[in-house]
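# Sequence isn't available, so here's the structure alone:
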């Protein structure tokens, strides 16, 4: 049997291919998972270069990948997302937003409200009572394209300031 035809002899090529494939996938995803897998493959390549048999290379690569995924990836992700914008966006940004009723809003017949961000939304009452124009409301939830609102009761000190 020819020595060059054994899988152990050519395993280094497989490790390099795995490293390159994982790095390319990581560039497309950006979640550091495949980067950790490529690190495990690099450990497999290193064990091959040190003369370990193929089964040992696979075990070293798997253990290194699990260790990197468990211990290195979480702190790297925290550091990567440290300066991320934590403000809600989309529908979540509308929850709790206040506004004024433009046309009568009831639980069964939708009306319109103008929110403090300037958007005019079709709205439905959450509490089961009719809300007349100029009533101050707060967005409780969004159902499709309809804001579900409830009246905002002014606090005692706000009523004193207003009078």
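Structure received. Computed from a predicted structure; not experimentally measured.

# rest of the way, CA atoms for contacts and neighbours
Fine.

# residue ranges for the strands of the protein, please.
98-103, 111-115, 120-125, 136-143, 146-151 (DSSP state E).

# Turn these into a markdown table, including distance to residue 78, mean neighbour count and mean pLDDT.
Converted to a markdown table, the strands of the chain look like this (distance: least, Cα to Cα, whole Å; neighbours: other Cα atoms under 10 Å; pLDDT from 0 to 100):
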| stretch | distance to residue 78 | mean neighbour count | mean pLDDT |
| --- | --- | --- | --- |
| strand 98-103 | 34 | 21 | 94 |
| strand 111-115 | 35 | 22 | 95 |
| strand 120-125 | 37 | 22 | 94 |
| strand 136-143 | 31 | 19 | 94 |
| strand 146-151 | 35 | 24 | 93 |
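
# who wins for proximity to residue 88 among those?
strand 136-143 (13.9 Å; Cα to Cα).

# shaky segments in the protein?
The model of the chain has pLDDT under 70 over residues 1-5, 155-163.

# at 80 what do you get?
Applying pLDDT under 80 to the chain flags the ranges 1-8, 83-89, 154-163.

# Grab the longest helix from it for me.
Ranked by residue count, the top helix of the chain under DSSP state H comes out as helix 7-29.

# Buried residues, it. List them.
Buried residues in helix 7-29, counted by 16 or more other Cα atoms under 10 Å: 8, 11, 12, 15, 16, 18, 19, 22, 23, 25, 26.

# Once you drop chain neighbours, what's closest to the fifth one?
What it means is residue 16. Leaving aside its sequence neighbours, residue 16 sits nearest to residue 45 (Cα to Cα, 6 or more residues apart in numbering; 7.3 Å).

# Pretty sure that neighbour sits against residue 17.
No - with contact defined as Cα atoms under 8 Å, residue 45 does not reach residue 17; the gap is 10.4 Å.

# what's the closest of the strands of the chain to residue 84?
Nearest to residue 84 among the strands of the chain is strand 136-143; the distance by Cα to Cα comes to 25.2 Å.

# Name the surrounding residues that touch that closest one.
For strand 136-143, contacts defined as Cα atoms under 8 Å, 6 or more residues apart in numbering pick out 91, 94-101, 126, 147-152.
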